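Asker: missing the sequence, but the structure's below:
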């Protein structure tokens, strides 16, 4: 989703933003671009580290490479990451817009309204499409690859037959918590970083926000994305809940609490931060795509729509 980080006049009359179908298309296209370029490789390495917390970063890279060379870094891309990417942006836009409007109508500031919208949108993403897509992406990275290779669709069907809808949404509560904190952080921290950069470079001039460059926006998005990985423990818990690795003594059915206890018992506090390096890269790339590229894409689409055909 493209996040509008331009300053909002708190004294302006409150108006409900209309949902633009062109923005939904832009959001889906940007999500697909993000995951198909650098997004999925970062996701695979992060998941590999989070599930195999005793392995080094180099060992994880070698393991992923051994699964098919460069294609190993794109496990789970088709269809699960593409399904997730093409739907989660629309869910986020619809939900976040409604929550932000309701929050503002009840007296919240633009900043707080944006954060609440991001939190609600992130939760809606998890319970609508991201839960089962994230689970299946994790299955693809952590399942045993020996013997005859089973298709990802067959694995999904088998899990559904055994465990029903709850089975293919395993770990969805952790996904919801991650998405809630992710988008609240990205909204808030990116806006904060941009404000600091603009004031540092251009002073307190009321027109300063109009002087910001693409470099300013990319830098603020990078900072917002990197700092939003403070919730890495939630991500490691999510990976453990969805992992297909079989370990002696590991509980079969995990809640957020039992997964956290298992991680701490086996890896201590540092176990909760395994995979944080590739996740920082992922967070930066996602935020650059969704915020910076998103802003420019929306402006370009709006310009095209404003051009009326010339009557002959």
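Answerer: Arrived safely, thanks for sending. Every value quoted in this text rests on a predicted model; they were computed, and no experiment measured them.

Asker: List the buried residues in stretch 216-231.
Answerer: 216-229, 231 (16 or more other C-beta atoms under 10 Å). For glycine as for every other residue, the C-beta is placed from the backbone atoms N, C-alpha and C.

Asker: What is the nearest of the residues you listed to residue 39?
Answerer: Closest approach between the buried residues of stretch 216-231 and residue 39, by C-beta to C-beta: residue 225, at 11.7 Å.

Asker: SS state for that closest one?
Answerer: Counting by DSSP: H, G, I helix; E, B strand; the rest coil, the backbone at residue 225 sits in helix.

Asker: Skip the chain neighbours and tell me the closest residue to it.
Answerer: residue 287 (3.2 Å; C-beta to C-beta, 6 or more residues apart in numbering).

Asker: what do you get for residue 74?
Answerer: Residue 74 sits nearest to residue 40 (C-beta to C-beta, 6+ apart), 5.2 Å away.

Asker: what about the one you found, distance to residue 126?
Answerer: 19 Å (C-beta to C-beta, to the nearest Å).

Asker: what about the helices in the stretch 51-200 of the chain?
Answerer: Counting by DSSP state H, counting those that start in this stretch, one finds helices in the stretch 51-200 of the chain at the ranges 57-66, 82-105, 110-125, 131-142, 152-168, 172-202.

Asker: Look at the residue nearest to residue 74 and report its pLDDT.
Answerer: Looking at residue 40, its pLDDT reads 94.

Asker: what sits against it?
Answerer: 73-74, 76-77, 81 (C-beta atoms under 8 Å, 6 or more residues apart in numbering).

Asker: Name the member of the residues you listed with the most neighbours.
Answerer: residue 81 (26 neighbours; other C-beta atoms under 10 Å).

Asker: How about it, nearest residue that isn't a chain neighbour?
Answerer: Per C-beta to C-beta, 6+ apart, closest to residue 81 is residue 35, 4.9 Å.

Asker: Might one say that that neighbour is in contact with residue 79?
Answerer: No. Using C-beta atoms under 8 Å, residue 35 makes no contact with residue 79, being 11.8 Å away.
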